[in-house]
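> The amino acid sequence is not available; the structure is as follows:
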Ligand SMILES: Nc1ncnc2c1ncn2[C@@H]1O[C@H](COP(=O)(O)OP(=O)(O)OP(=O)(O)O)[C@@H](O)[C@H]1O
């Protein structure tokens, strides 16, 4: 067991001892639901005596193991000491039906609400988010943990322009180096190294629940045990960034039979050779929009809207080889220059202006929170 894992286990044992029963409504005024996931409901609440606003996360006791609850709480309380990570507030208790802990509340929803389908979000906004997520993830990695569930729904907004965002949902966090069974799931967020487990009957949910017992039922295939590594978060950061810029995904699932992923692999392989020669990693270049890059002999079509700078960013984080995949802190050097080619950027901006649907929703939210409506 790594030092980080040992420390976390110790904290879980200690908090298990001191966990008390409490009546939610006696201590908190519940204001409004903030969201709901597969494991918990999250409600905005105010502490009755102190007036402190907070997010209370409720986990049904029936379907939640005490230790997975305490792990999520302790990770958030003791290791999320970075402005781009959602920190727990030291309030933890149980009711007859739920385990509950309190967290800093982000009042402007999550990234899922602001990424417009097929249109994404403004590039500046996206770069601000990437820069903050790089900081939050690097912090977590430096303390020996891997998030393992980076996706739009887990990036919470503290304002409508994404000037301050916080990564949340630490239910999947594991200490670096922990041995876990590999699981493949049909999504671009799934890493290519997980494909060895494709065809296993084990579902993503069974792993998510920490219910490894289900996996013993798998008779057809052997489990593949792998070490938890930060490269998983790098991959997800690459996919999330693509989603923010375009409002779509670069491929349907990370599997060799998936045509768009194959195209990407071909491009990656060809570009790799020229990259190795020129060491693009050391010095990312910006290039004029209309110039075909020498590094991209057969540019994968779904990346054609990006500049060379963005292509280098994606190829660093979406390196199919986990051991060579760029780390979030390394991705910072690709920030600052243009990522979308000018023509495509203008087209998206125009179309976003025309599409008032989602934008209207987020501004209503902002006014509601300010009490202006
Ligand atoms: N601290 C918070 N502040 C504001 N909103 C939050 C907070 N925590 C969670 N939410 C909202 O609630 C939703 C569900 O929360 P969360 O992702 O933590 O639940 P979960 O059950 O663990 O989800 P998943 O199904 O992804 O594992 C989030 O997508 C977000 O919109």
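In hand now; what should we look at? Everything numeric in this text was worked out from a predicted model, so none of it was measured.

> number of nearby residues for the nearest residue to residue 267 once chain neighbours are set aside?
Spatial nearest neighbour of residue 267, excluding adjacent residues (C-beta to C-beta, 6 or more residues apart in numbering): residue 300 at 4.0 Å. Heads up, the C-betas are built off the backbone N, CA and C, glycines and all. Other residues near residue 300 number 22, with proximity taken as other C-beta atoms under 10 Å.

> show me the contacts for residue 313.
When contacts are counted by C-beta atoms under 8 Å, 6 or more residues apart in numbering, residue 313 touches 238, 241, 284, 331, 334, 339.

> Dihedrals phi and psi, residue 43?
phi -130, psi 140 (degrees, to the nearest 10).

> distance of it from the ligand?
For residue 43, the distance to the ligand under the criterion C-beta to the nearest ligand atom, to the nearest Å works out to 9 Å.

> try residue 192
The value you get for residue 192 to the ligand, if C-beta to the nearest ligand atom is used, is 22 Å.

> just to revisit the earlier point, wait, which of the contacts of residue 313 is closest to residue 251?
Residue 251 has its nearest neighbour among the contacts of residue 313 in residue 238, at 11.8 Å by C-beta to C-beta.

> tell me the mean pLDDT for the helix or strand encompassing the closest one?
Under the criterion DSSP states H and E, the helix or strand holding residue 238 is helix 231-246. Averaged across helix 231-246, the pLDDT comes to 98.

> Please name every helix or strand in contact with it.
For helix 231-246, the helices and strands in contact under the criterion 3 or more C-beta pairs under 8 Å, 6 or more residues apart in numbering; DSSP states H and E are helix 123-142, helix 308-317, helix 328-331.

> The second one - what's its average pLDDT?
On average, the pLDDT along helix 308-317 is 97.

> what angle separates it from helix 231-246?
Interaxial angle of helix 308-317 relative to helix 231-246 (axes from the mean of the first three to the mean of the last three C-alpha atoms, to 10 degrees): 150 degrees.

> Counting neighbours, which bits of stretch 24-38 end up buried?
Neighbour-count burial for stretch 24-38, counted by 16 or more other C-beta atoms under 10 Å, picks out 24, 27, 28, 34, 35.

> What parts of the protein come near the ligand?
The chain comes close to the ligand at residues 34-40, 42, 55, 86, 103-106, 109-110, 153-154, 156, 168-169, 171, as judged by C-beta under 6 Å from any ligand atom.

> Could you identify the buried members of the residues you listed?
With neighbours counted by 16+ other C-beta under 10 Å, these contain buried members at 34-35, 39-40, 42, 55, 86, 103-106, 109-110, 154, 156, 168-169, 171.

> And the strands in the stretch 101-250 of the chain, which stretches?
Along the stretch 101-250 of the chain, counting by DSSP state E, counting those that start in this stretch, strands occupy 145-146, 155-157, 165-167, 174-175, 179-181, 225-227.

> Show me what the second one is packed against.
Using 3+ C-beta pairs under 8 Å, 6+ apart, the elements in contact with strand 155-157 are helix 111-114, strand 165-167.

> swap the cut-off to 7 Å and go again
Under the contact criterion of 3 or more C-beta pairs under 7 Å, 6 or more residues apart in numbering; DSSP states H and E, strand 155-157 touches strand 165-167.

> returning to what we had before: out of the helices and strands packed on helix 231-246, indicate the one that is most buried.
Burial of the helices and strands packed on helix 231-246 is given as mean neighbour count (mean count of other C-beta atoms under 10 Å); helix 308-317 ranks first at a mean of 24.
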